[in-house]
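>>> requesting a structural model of the entry that follows:
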Amino acid sequence: MALTLPDIAEIFRARGHEQYTGEPVSHLEHALQSATLAQEAGASDGLVTAALLHDLGHLLHDLGANPTLSGTDDLHQYRAVPFLRHLFAPEVITAIRLHVDAKRYLCATRPDYYDNLSEDSKRSLVLQGGIFSTKEQEAFISEPGAADAVKVRLWDDKAKTPNRRTPDLEHFLRRAQRCCLFT
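Predicted structure coming up:
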């Protein structure tokens, strides 16, 4: 099933209040904070939209509130792609798809990055394949869209502040509308 912007709004209305695993914010707060950070950085509509939707895949399954505790990788970075690829250009889809690999890359290339991850993010890192080797780092960063995925990942990491003020979902869905493949 392909999603529309109203479908995405409904998913956030129905499940966005759920706690973002291992963090002091809800899924909707995390999405809005990520998009706000992208917007504040002057990112394109496509990257702001990717920041908003990068974790939508967590809301498209019923694997429980914290699948990593049972050793399950929910593959959220891939789960949303089939629902969104008809709606958005590769700039959005690639950043969503690669944001987990961006975490693996950052752990390998920035010495203090791993130490600043939450316990759940460290646990999921193992399930997602672990820290990249030198060869994997080089292969990743040479992929089209990898540098944008790293940006999304860095905004993702900072988007976990309780009660942070952000624009509302409708604001970011209007930005998403501007980068839809069709109107």
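
>>> contacting residues around the residue nearest to the spatial centre of the chain?
Closest residue to the average C-alpha location of the chain: His54 at 2.4 Å, with Cα atoms, centre = their mean. For His54, the contact set (Cβ atoms under 8 Å, 6 or more residues apart in numbering) comprises Ala31, Ser34, Gln77, Ala95, Ile96, His99, Val152, Asp156. The way it works is simple: take the backbone N, C-alpha and C, and place the C-beta from them, glycine included.

>>> give me the neighbour count for the third one.
Neighbourhood size, Gln77 [other Cβ atoms under 10 Å]: 24.

>>> just want the phi and psi numbers for the nearest residue to it once chain neighbours are set aside.
With sequence-adjacent residues excluded and distances taken as Cβ to Cβ, 6 or more residues apart in numbering, Gln77 is closest to Val100, at 4.3 Å. Here is the backbone geometry of Val100 (degrees, to the nearest 10): phi -70, psi -40.

>>> and the helix or strand of the chain with the lowest mean pLDDT, C-alpha only, in CSV?
Across the helices and strands of the chain, mean confidence by mean pLDDT, DSSP states H and E is lowest for helix 76-79: a mean of 83. What follows is helix 76-79, C-alpha atoms only, in CSV (Å, rounded to 0.1, in the frame of the first residue of the first chain):
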residue,chain,number,x,y,z
HIS,A,76,12.7,0.3,10.2
GLN,A,77,15.1,2.0,7.7
TYR,A,78,13.7,-0.3,5.0
ARG,A,79,10.2,-0.8,6.3
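
>>> need the residues that contact it.
54-58, 60-61, 96-101.

>>> for the helix or strand just after it, packing partners?
Using DSSP states H and E, the helix or strand that follows helix 76-79 in sequence is helix 81-84. If contacts are counted by 3 or more Cβ pairs under 8 Å, 6 or more residues apart in numbering; DSSP states H and E, helix 81-84 sits against helix 90-109.
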